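Trainee: predicted coordinates and the sequence they were generated for:
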Amino acid sequence: MEAFLQFINDNIEMIYIVVLMIFVGIELISHVPAVLHTPLMSGANAIHGVVIIGAILVMLHMDPENYAGLAIGFIAVVLGTLNVVGGFVVTDRMLEMFKTRK
């Protein structure tokens, strides 16, 4: 318990920042119109390309005998890829809704 209280005391500024980020994020997301929410989120999912590159770089520097680490890295690459592709698919479907029909 003493170590936990010391950790909180040492990192109180970071805890304040995280709590403030939570409140600001909730306020920002709640004020986004529903029409823009899905394209915004699908575009944000495309940022997960950074996760894919990071996982690949970590896997490149990992010991080839570390099968657990390589498996976790592979899962990170697969899930990040699914998130990126899903984000672009949702964005494409949303943009199709707003096209005029002939």
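Mentor: It's in.

Trainee: by mean pLDDT, which helix or strand of this structure comes out lowest?
Mentor: The helix or strand with the lowest mean pLDDT-type score in the chain, counting by mean pLDDT, DSSP states H and E, is helix 34-45 (a mean of 68).

Trainee: which is the succeeding secondary structure element to it?
Mentor: helix 49-60 (DSSP states H and E).

Trainee: I'd like the next helix or strand past that next one.
Mentor: By DSSP H and E, the next helix or strand past helix 49-60 is helix 67-97.

Trainee: helices and strands around that next one, which ones?
Mentor: Applying 3 or more Cβ pairs under 8 Å, 6 or more residues apart in numbering; DSSP states H and E, we find helix 67-97 packed against helix 34-45, helix 49-60. No exception for glycine: its C-beta is placed from N, CA and C like everyone else's.

Trainee: report the buried residues of the last one.
Mentor: Along helix 49-60, these residues count as buried under the neighbour rule (16 or more other Cβ atoms under 10 Å): 51, 52, 55, 59.

Trainee: contact partners for the residue sitting nearest the centre point of the chain?
Mentor: Taking Cα atoms, centre = their mean, the centroid of the chain lies closest to residue 48, which sits 5.8 Å from it. Going by Cβ atoms under 8 Å, 6 or more residues apart in numbering, residue 48 touches 80, 83, 84, 87.
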